[in-house]
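Engineer: dropping the sequence and predicted coords here.
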Amino acid sequence: MTHKAYFIVLDGGDGSGTSTHSQLLKGFLEYKGFKVYLTHEPSKSEIGKILRKFLKNKEIPPSTDALLFAADRDLHYHNEIKIKLDEGYIVISDRYLESSIIYQSIQSENISIEWIKQLNKFVGQPDLTIILDVDPKIALARKNEEQLEKFEDFEFLEKVRNLYLTRAKQEDYYTISSDDIIELVQEKIQKIVLDNLRNL
């Protein structure tokens, strides 16, 4: 089945289910006959591997996180996402630029949203961004101690949630509550995606 390339991002606070719903969405779209490529951030690159280690380390400055995420994303976009888009795939990314904007700007008063955007100015923009909104109490209940990253506590996740919701309004992103059961949340995601694909 031939379709135009399309770049979809599922983003949201930790525990919102972006990974689960990205995988389910891929399966659904493939069932519908689309060519789909699923990816995630941090990427599989060597920079991405370093990032995964640093996300557990509280001694790493937020500015270093932001710089590494930008480097990883630049590589990720040009060496993976863009190639698949050029081949006519629907690309789904589990997290993207919005995660950096939210997490790094909240971690430090010295990091502005504009600076993060500037760092990431060479990467392509998604055609569709869906924010999965989750209550921080539910998010923390979905993770065990070993899965928690350095910034995962209730107060921080509350700030993350509020900024995601603010940014969603500003940027006209779709927002879906992921507090509901997986099937209901996925059904809402699928409807938004199909509605947008029909307009291509």
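Structural biologist: Sure thing, it's come through.
Engineer: packing partners of the lowest-mean-pLDDT helix or strand in the chain?
Structural biologist: Of the helices and strands making up the chain, the lowest-confidence element is helix 136-141, at a mean of 83, by mean pLDDT, DSSP states H and E. Judged by 3 or more Cβ pairs under 8 Å, 6 or more residues apart in numbering; DSSP states H and E, helix 136-141 is in contact with helix 154-171. C-betas here are computed from N, CA, C, even on glycine.
Engineer: list the contacts for Gly48?
Structural biologist: Glu41, Pro42, Asp72, His76 (Cβ atoms under 8 Å, 6 or more residues apart in numbering).
Engineer: any residues touching the host helix or strand of Val193, and which ones?
Structural biologist: Assigned by DSSP states H and E, Val193 belongs to helix 182-198. If you take Cβ under 8 Å, 6+ apart as the criterion, helix 182-198 is touched by 3, 6, 8, 10, 17, 20-21, 24-25, 28-29, 32, 34, 90, 127-128, 130, 132, 174, 176-178.
Engineer: count of residues packed around Ser43?
Structural biologist: Residues near Ser43, counting by other Cβ atoms under 10 Å, number 21.
Engineer: isn't there a strand covering it?
Structural biologist: No - read with DSSP: H, G, I helix; E, B strand; the rest coil, Ser43 is coil and lies in no strand.
Engineer: could you measure from it over to Ala71?
Structural biologist: Ser43 sits 10 Å away from Ala71, going by Cβ to Cβ, to the nearest Å.
Engineer: for Leu29, same thing?
Structural biologist: From Leu29 to Ala71 the distance is 30 Å (Cβ to Cβ).
Engineer: who wins for most neighbours among the contacts of Gly48?
Structural biologist: His76 (24 neighbours).
Engineer: wouldn't that one be in contact with Ser45 here?
Structural biologist: Yes - between His76 and Ser45 there is a contact under Cβ atoms under 8 Å: 6.7 Å.
Engineer: tell me the contacts of the most centrally placed residue in the chain?
Structural biologist: With distances taken as Cα atoms, centre = their mean, Arg95 lies nearest the centre of the chain, 1.5 Å away. Each residue near Arg95 by Cβ under 8 Å, 6+ apart is listed here: Val9, Leu10, Asp11, Thr18, His40, Glu41.
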